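> give me a 3D structure for the following:
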Amino acid sequence: MRKKIRGAAALATATAAVLTLGGAAEARPADWDRCPDGAVCIYPEGKDPEADPAVNPTDVYWSYGAHNLRNQTGMHWVYNNQTGGASANLCTQYNGGGCGDPIAAGVAVYADLTPINSVRLNRP
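Below you'll find the predicted structure:
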């Protein structure tokens, strides 16, 4: 009987934790919601997703490693919406070479992509 009660209590605790985390995820600012969880997103040149929540990213990257950019110049918001502490870098060379400082998970930067030729997604 005690095992059943402990099991029920554990299930209730786990359910409450999932509901709490689900609520926290929904409480994120709506202005960045267009970048899916687990991805790194680049927004259109000069567009501020914080000021205009309807702005969609032009590029969405999911897989770890380097991703070469095409036709990205000027100032853009880049949002690292990866999970588990994964970082991202903006790199001046193709295929992930010449990378700048890492962008931590959950951080957006406003960067000039004119000299940037690739984005690298890093495992935690």
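
> drop to CA atoms for contacts and neighbour counts, all remaining ones
Fine.

> the helices in this protein, which residues?
Secondary structure of the chain, counting by DSSP state H: helices at 2-26.

> residue contacts, the spatially closest residue to residue 78 that is not a sequence neighbour?
Spatially, and ignoring its direct neighbours in sequence, residue 78 is nearest to residue 42 (4.6 Å; Cα to Cα, 6 or more residues apart in numbering). If a contact means Cα atoms under 8 Å, 6 or more residues apart in numbering, then residue 42 has 57, 58, 59, 60, 76, 77, 78, 79 as its contacts.

> equivalent analysis for residue 84, please.
105, 124.

> could you export stretch 100-112 as PDB, CA atoms only?
Extracted as PDB, the C-alpha positions of stretch 100-112 are listed here (Å, rounded to 0.1, in the frame of the first residue of the first chain):
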ATOM      1  CA  GLY A 100      33.500  35.000 -32.700                       C
ATOM      2  CA  ASP A 101      32.500  34.700 -29.100                       C
ATOM      3  CA  PRO A 102      29.800  32.100 -28.400                       C
ATOM      4  CA  ILE A 103      26.200  33.100 -28.100                       C
ATOM      5  CA  ALA A 104      24.700  31.400 -25.100                       C
ATOM      6  CA  ALA A 105      21.400  29.500 -25.300                       C
ATOM      7  CA  GLY A 106      18.400  31.900 -24.800                       C
ATOM      8  CA  VAL A 107      20.400  35.000 -26.000                       C
ATOM      9  CA  ALA A 108      19.700  37.200 -29.000                       C
ATOM     10  CA  VAL A 109      22.400  39.400 -30.600                       C
ATOM     11  CA  TYR A 110      22.000  42.200 -33.100                       C
ATOM     12  CA  ALA A 111      24.900  41.800 -35.500                       C
ATOM     13  CA  ASP A 112      26.200  43.000 -38.800                       C
END
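
> show me which residues of it are buried.
Going by neighbour count (16 or more other Cα atoms under 10 Å), the buried part of stretch 100-112 is 103, 104, 105, 106, 108, 111.

> wait, which of these is closest to residue 67?
The closest of these to residue 67 turns out to be residue 103 (Cα to Cα; 15.2 Å).

> what about stretch 99-117, how long is it end to end?
One end of stretch 99-117 to the other measures 10 Å (Cα to Cα, to the nearest Å).
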